[in-house]
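**Student:** Got a sequence here, can you model it:
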Amino acid sequence: MSSARPPGILARGLSKRFAGHTVLDGIDITVEEGTVFALLGPNGAGKTTMVQIMSTLLLPDAGRVWVAGHDVLADADAVRGAIGVTGQFSAFDELMTGEENLRLMADLNHLDRVVGRARISELLERFDLTDAARKPAATYSGGMRRRLDLAMTLVGSPEVIFLDEPTTGLDPRSRHTMWDSIRGLVRNGVTIFLTTQYLEEADELADRIAVLDHGRIVAEGTPDELKRRIPGGHVRLQFATPDALRAAAGLFDGSADDVDKLVLQVPSDGTVSSLRKVLDRLDGADIEIEHLSIHTPDLDDVFFAVTGHATALAEVLS
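**Tutor:** This is a model prediction of the structure:
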């Protein structure tokens, strides 16, 4: 590979089997430097296995992976020096204070004493942990634990960070705080590989998303690209009278009306040109509308369409 600004992560033909079961089946992905790449998939789809291979914790059966320009198999030490990993379970010593955990990471990264202290102070302030720095980590809340995990990951200033379901179990406020931290990392040029079961999280953070199912990537693109592939978008029109509703319904093939609510749903891809055509046709027929809104498929629709599964959150709520 060329050393001139390689992708943050590049995988080609990545495969892995366990006890005769194919978990990864020829995966190809490219994650550009300084972007967030989100990997979605049902439970057991192989998301964590991918993270383990790319972070040198597990060997693939076939294929090659480069992380920050380094071959995971041929130069594993260089990969480990360039990455950070934060999982869904805390990786710190609960009997130690937050500051002591960070100091341990500074020692493991061979930071000079003065440099290490400065780095620890910076991270404690950055993640709003200064007041709790000398308290045992066992006393930290869920959000504080996640922030400490991420701070420990950043002690060594990694180029690529693997976040394996980092906000699982967090309350909405803590989750949003973590999102802000991730956005800040990307602004500073860090590459993020994110696995998550929260579709909103992927939609908020990811530059590109891939959906993994039965060992294969079944969809990939930007959030907007993926949503546009799924049918079901429509313009929702509300009218003042039943007569206006009936007249409008006669103008649009495939529309669906709700007489009680005086609402008409007209199929649309959500583009400006599509909306303009709807409005022009209504104007030409001299039909007035009371209210208009545009509805497009979301990532839950995408996930279900390409995997046949509801998301984990949807399953919990059903």
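**Student:** so how far is I287 from A256?
**Tutor:** A256 sits 17 Å away from I287, going by Cβ to Cβ, to the nearest Å. For glycine as for every other residue, the C-beta is placed from the backbone atoms N, C-alpha and C.
**Student:** of the two, who's got more company?
**Tutor:** Legend: neighbour count by other Cβ atoms under 10 Å for A256 and I287, higher for I287 (18 against 12).
**Student:** what's that one in contact with, if anything?
**Tutor:** 239, 244, 247-248, 251 (Cβ atoms under 8 Å, 6 or more residues apart in numbering).
**Student:** Flag the shaky bits of the stretch 1-150 of the chain, pLDDT-wise.
**Tutor:** Scanning the stretch 1-150 of the chain for pLDDT under 70 picks out 1-4, 88-90.
**Student:** Tell me the buried residues in stretch 8-24?
**Tutor:** Going by neighbour count (16 or more other Cβ atoms under 10 Å), the buried part of stretch 8-24 is 8-11, 14-16, 23-24.
**Student:** Show residues contacting that stretch.
**Tutor:** Around stretch 8-24, the neighbours that count as contacts under Cβ under 8 Å, 6+ apart are 1, 25-35, 37, 46, 49-50, 53-54, 58, 60-68, 159-160, 191, 193, 215.
**Student:** Any of the residues you listed buried? List them.
**Tutor:** 25, 27, 29, 31-35, 37, 46, 49-50, 53-54, 60, 63, 65-68, 159-160, 191, 193, 215.
**Student:** Just the ones in strands from these, please.
**Tutor:** Mapping the buried ones among the contacts of stretch 8-24 onto strands (DSSP state E) picks out 25, 27, 29, 31, 37, 63, 65-67, 160, 191, 193.
**Student:** from memory A138 sits against M96, does it?
**Tutor:** No - counting by Cβ atoms under 8 Å, A138 stays clear of M96, with 9.1 Å between them.
**Student:** which ones are touching the nearest residue to A68 once chain neighbours are set aside?
**Tutor:** In this structure, A68 finds its nearest non-sequential neighbour in A82, 3.9 Å apart by Cβ to Cβ, 6 or more residues apart in numbering. Residues counted as contacts of A82 (Cβ under 8 Å, 6+ apart) are 67-68, 70, 158-160.
**Student:** For those residues, name the two members farthest from one another.
**Tutor:** H70 and P158 (12.4 Å; Cβ to Cβ).
**Student:** May I ask you to confirm that V235 belongs to a strand?
**Tutor:** Yes - judged by DSSP: H, G, I helix; E, B strand; the rest coil, V235 forms part of a strand.
**Student:** Wait, it touches V278, no?
**Tutor:** Yes - here V235 reaches V278: they are 5.4 Å apart, a contact under Cβ under 8 Å.
**Student:** Let me see the domain layout of the chain.
**Tutor:** Structural domains assigned to the chain are 9-227, 234-295, following automatic domain parsing.
**Student:** who's in contact with the helix or strand containing L226?
**Tutor:** Assessed by DSSP states H and E, L226 sits inside helix 223-228. The contact list for helix 223-228, computed with Cβ under 8 Å, 6+ apart, reads 202-203, 206, 209, 211, 219-220, 269-270, 296-299, 301-302.
**Student:** Show me which of those residues is closest to L154.
**Tutor:** Of those, the one sitting nearest to L154 (Cβ to Cβ) turns out to be A206, at 20.0 Å.
**Student:** Can you give me every residue that contacts the closest one?
**Tutor:** Counting by Cβ under 8 Å, 6+ apart, A206 has contacts 36-38, 194, 223.
**Student:** hey, where'd the strands end up in the chain?
**Tutor:** 9-18, 21-31, 36-40, 62-67, 70-71, 83-86, 160-164, 191-195, 208-213, 216-221, 234-238, 256-258, 263-267, 291-295.
**Student:** how about JSON lines for the ones you listed, with distance to D149 added?
**Tutor:** Output for the strands of the chain, formatted as JSON lines (distance: least, Cβ to Cβ, whole Å):
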{"stretch": "strand 9-18", "distance to D149": "21"}
{"stretch": "strand 21-31", "distance to D149": "21"}
{"stretch": "strand 36-40", "distance to D149": "18"}
{"stretch": "strand 62-67", "distance to D149": "20"}
{"stretch": "strand 70-71", "distance to D149": "24"}
{"stretch": "strand 83-86", "distance to D149": "5"}
{"stretch": "strand 160-164", "distance to D149": "10"}
{"stretch": "strand 191-195", "distance to D149": "14"}
{"stretch": "strand 208-213", "distance to D149": "23"}
{"stretch": "strand 216-221", "distance to D149": "28"}
{"stretch": "strand 234-238", "distance to D149": "42"}
{"stretch": "strand 256-258", "distance to D149": "48"}
{"stretch": "strand 263-267", "distance to D149": "45"}
{"stretch": "strand 291-295", "distance to D149": "38"}
